[in-house]
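In: output the structure for:
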Amino acid sequence: MYEDKDIRVVIGAGEYSNNPAWMQTQEKDLNLLNQGDWADLFSQNSIKAILAEHVWEHLTYKEGVKAARNCYTYLKSGGYVRCAVPDGNFPDEEYQQMVQVGGPGSLDHPAASHKIVHTYQTLAKMFEEAGFEVRLLEYCNDAGEFVFNEWDEKDGCIYRSKRFDHRNSNGGLGFVSLIVDAIKS
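Out: Residues are numbered from 1 along each chain as shown. This next block holds a predicted model:
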């Protein structure tokens, strides 16, 4: 069992991490849906922060609620999940084709296993169903307008964000994520 006063966990860390001091996990280490994986690694109410960048879109809505409930169980009071997913309201046709359910056509494309494309309403509702308070950090509203609320990358850096993604240069937005903090009260 992982013991630390300030446990910070990256879910689906991939090949690189923008959060190197955090505990890096892959699905084989920590399946979001498997309560046994959580119990093997952590005590309940022991985690300070969980970061999941482009993970939740690989779960159905119902699976997303279950995963959020598992996170809630293992987070300390005041702990949070910083979650980034593709934004279903971003008004760019090429982007929407790339992030659509099932991906853009190629079975080897990372988006081939997408099961949902969230909007700020669906992602917030999913975490709220699991008991969290949700703070929207970056998202596109119903009119497709990008909204940015200040957030500190020291609390979990999301590369695919307005500030850090290399595709967002010269004042334009080439790639956005819907980013929330889901906070356990």
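In: can you give me the strands in the chain?
Out: Listed from the start of the chain, the chain has strands (DSSP state E) covering 7-11, 23-24, 47-53, 75-85, 133-140, 146-148, 178-183.
In: what sits up against the fourth one?
Out: It refers to strand 75-85. Residues outside strand 75-85 that contact it (Cβ atoms under 8 Å, 6 or more residues apart in numbering): 45-57, 68, 71, 117-118, 123, 127, 132, 137, 155-156, 158, 160-161, 177-185. To be clear about C-beta, it is placed using only N, CA and C from the backbone, and glycine gets the same treatment.
In: so what strands line up beside it?
Out: In its sheet, strand 75-85 lies beside strand 47-53 (parallel), strand 178-183 (antiparallel), with partners assigned from DSSP bridges.
In: and the shortest one, which residues are buried?
Out: Using 16 or more other Cβ atoms under 10 Å as the burial criterion, the residues of strand 178-183 that qualify are Leu178, Ile179, Val180, Asp181, Ala182, Ile183.
In: re earlier: out of the contacts of strand 75-85, which are buried?
Out: For the contacts of strand 75-85, a neighbour count by 16+ other Cβ under 10 Å gives the buried set as 46-57, 68, 71, 117-118, 123, 127, 132, 137, 156, 158, 160-161, 177-184.
In: with that, I have no additional questions.
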